[in-house]
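Colleague: When you get a sec, could you give me coordinates for this:
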Amino acid sequence: MAAMFSRKPAYAASAPSPEASGDLRARLMTAVSNPYIAASGAACLFMVTLAGLILVTGDPKAGAPIIRAELTKIGATRNAPDGWKEALADEGEHEAAFKPDTFDLSAKPILDNPVEASISFPGEEGPGVMHAASGSLPQAPLAGLVGPGPGGAQLPIIAANGRTAAEAYARPFTASGRPKVSVVIGGLGLNPQTTRAAIETLPPEITLSFAPYAEGLQGWIDLARASGHEVLLETPMEPADYPANDPGPYTLIAANRPEDTVRKLEWLMSRATGYFGLSNYLGAKFVESDAAMNTFNAALKARGLAFVDDGLAARRGGSIPRASADRVIDDELSAAAIDAQLRALETGASARGQSMGSGFAYPVTINQVRTWANGLSARGLQLAPASALTRR
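Modeller: Presented below is the predicted three-dimensional model:
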């Protein structure tokens, strides 16, 4: 019984005697005091430490370390809708580079398997006509629709013959007489996975709206147009709770002087070419200002651009091509809720002749819109690009 309740560990029976332990300690002290042995031990310790550092920091010959800033630290995404991180996360491996001071355009389209695109020349197809072989839109910029801007950037201009970007870069559309339904998917360009899914899996009649801070923006727009999608460029505008929610350094502020608003707009518009108009990103406070919206509309009119908003500016008119979404389809981020909003768009189109929805590039939004659009014609409606719903 005494052995059963002993607190000694099982290996105590093989422990050395006190005399043997003293002799062992003496031999160890003699070995450690030997300078050659001590030096060898120090060298081994150094190598083990170095190997540990390499495992933690990576191969020292691989180049300079890479520092990644979380998207939550970047003003451009600080006020994104709920669920934005799930939509933009690319398994934690890719984040958009934020380069607010560059005026250079992306020169190389992001095309793994290039789609044949058409560039129109005098005497051939007119600008803005889809290429018959591939269904693509002509590659931007089209002749006469781009001119010099600040810092060497390129900006949209009205052509000598009066043709505008709103006309030339819109997707051609022929009404069938059925009620028209349009959907704009925004927030594109920040994440390669969701951006490519929207471009490649959504019907070409779906209008795509790109974030101006996206890296490789021109390449994404080229790819979208090559797949038949018309394109909008997002404009960050002052929200009601600014600066607690800050859409980035080029946010249009309602109280800014007109020249400051135009300067920011020119930077945004210089980021790429091939878009038929601008869309809003936030902007509840900006669109309520008469002076700010007058400056905004005048700048777009001078550049020949349209303005398509998510519903915030529905009460705003203007002498430019305009359209406003009737509803945001993914305010509630679930498949069932998005389907309900899409059905409501159909009801609105049947009652009024046309209807438009606005959504964000969440994976669930892209999936539900793709499925919904495939059966739209069988339900007696016509899917239309947003430009087809614009009016002055």
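Colleague: what about Val146, neighbour count?
Modeller: Using other Cβ atoms under 10 Å, Val146 has 17 neighbouring residues. Just so you know, the C-beta spots here come from the backbone N, C-alpha and C atoms, and that holds for glycine as well.
Colleague: Kindly list the main-chain dihedrals of the nearest residue to it once chain neighbours are set aside?
Modeller: Closest residue to Val146 apart from its sequence neighbours, by Cβ to Cβ, 6 or more residues apart in numbering: Gln154 at 4.9 Å. Torsion angles at Gln154 (phi, psi; degrees, to the nearest 10) stand at phi -110, psi 140.
Colleague: ok, how many other residues are close to Gln154?
Modeller: Neighbours of Gln154 under the rule other Cβ under 10 Å: 18.
Colleague: can you pull up the bridge partners for it?
Modeller: In this entry, Gln154 is beta-bridged to Pro148, by DSSP bridges.
Colleague: Could you list which residues are in contact with it?
Modeller: Neighbouring residues of Gln154 by Cβ atoms under 8 Å, 6 or more residues apart in numbering: 105, 141, 146-148, 270, 273.
Colleague: Can you tell me how far Gly318 is from Ala160?
Modeller: For Gly318, the distance to Ala160 (Cβ to Cβ, to the nearest Å) stands at 24 Å.
Colleague: So for those two, which sits in the more crowded spot?
Modeller: Under the criterion of other Cβ under 10 Å, the comparison of Gly318 against Ala160 puts Gly318 first, with 17 against 7.
Colleague: what about the more buried one, which SS state?
Modeller: Per DSSP: H, G, I helix; E, B strand; the rest coil, the secondary structure class of Gly318 is coil.
Colleague: Quick check: phi and psi at it.
Modeller: Here is the backbone geometry of Gly318 (degrees, to the nearest 10): phi 130, psi 160.
Colleague: need the contact list for it.
Modeller: Contacts for Gly318 were tallied using Cβ under 8 Å, 6+ apart; they are 293, 297, 300-301, 307, 392.
Colleague: Phe276 contacts His229, doesn't it?
Modeller: No: if you go by Cβ atoms under 8 Å, Phe276 and His229 don't touch, sitting 10.9 Å apart.
Colleague: who has more neighbours, those two?
Modeller: When Phe276 and His229 are compared for neighbours, Phe276 comes out ahead with 28 against 24, by other Cβ under 10 Å.
Colleague: check contacts around that one.
Modeller: Counting by Cβ under 8 Å, 6+ apart, Phe276 touches 165-170, 230-232, 305-306, 387.
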